[in-house]
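1. Provided below are the primary sequence and the corresponding predicted coordinates.
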Amino acid sequence: MTAMPALPAFKATAAQEALLQHVPDAVGETLLRWHAMIATGDLGAVAELLHDDAVFRSPMAHQPYQSAAAVALILSTVAGVFRDFKYERELASPDGLDVVLEFRARVGDRELKGVDLIRFGVDGRIREFEVMIRPLSGLEALGREMGARLGAVLPRFKAPITREA
């Protein structure tokens, strides 16, 4: 991973600090940057955290969105949609390359809970970002808002469907 600029003023929570003990250093650096971006609301540099071939798996779409450009666009847009966003629990796989971040947020008048399932490469870059959300009313509100903001742009980023003969 290439050197990145210093983190903006950011104080990790106890849960975030604890998680860092269970992930490789490169993953920990990326997670700290991600949390700093979420805390400041500035995801302008999110592409720096992504592998070139990063994939986003949406709770609203069957086909994933593929490329760092697609993932950066989705993440920076959804950050502007969510209100009162807060991570509540953070868990890591035994090798520290898969992380689950449980969150709570609002979209309009709908409250929702969700999880970000993030897979990292050994270089610390995000290779896969999958989101699951409940309840259905919260997911529908998010889908409407994201569709209004990105509906005309996102289809070009969908991974092609391959079928076996």
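-> Nice, thanks for sending it over. Numbers count the residues shown, from 1 in each chain.
2. just the CA atoms of the helix or strand Ala148 falls within, as CSV, please.
-> Using DSSP states H and E, Ala148 maps to helix 136-150. Presented in CSV, the C-alpha positions along helix 136-150 are these (Å, rounded to 0.1, in the frame of the first residue of the first chain):
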residue,chain,number,x,y,z
LEU,A,136,-37.4,-3.8,4.7
SER,A,137,-38.9,-0.3,5.2
GLY,A,138,-35.5,1.1,5.9
LEU,A,139,-34.0,-0.7,2.9
GLU,A,140,-36.7,0.6,0.6
ALA,A,141,-36.2,4.2,1.8
LEU,A,142,-32.4,3.8,1.1
GLY,A,143,-33.1,2.2,-2.3
ARG,A,144,-35.4,5.1,-3.3
GLU,A,145,-32.9,7.7,-2.3
MET,A,146,-29.9,6.0,-3.9
GLY,A,147,-31.9,5.4,-7.0
ALA,A,148,-32.8,9.1,-7.2
ARG,A,149,-29.1,10.1,-6.9
LEU,A,150,-27.4,7.3,-8.9
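3. measure how far it is from the centre of its chain, please.
-> What separates the centre of helix 136-150 from the centre of its chain is 16 Å, taken as C-alpha atoms, centre = their mean, to the nearest Å.
4. report the buried residues of it.
-> By 16 or more other C-beta atoms under 10 Å, the buried positions in helix 136-150 come out as 138-139, 141-146, 149-150. No exception for glycine: its C-beta is placed from N, CA and C like everyone else's.
5. since that was my last question, I'll sign off now.
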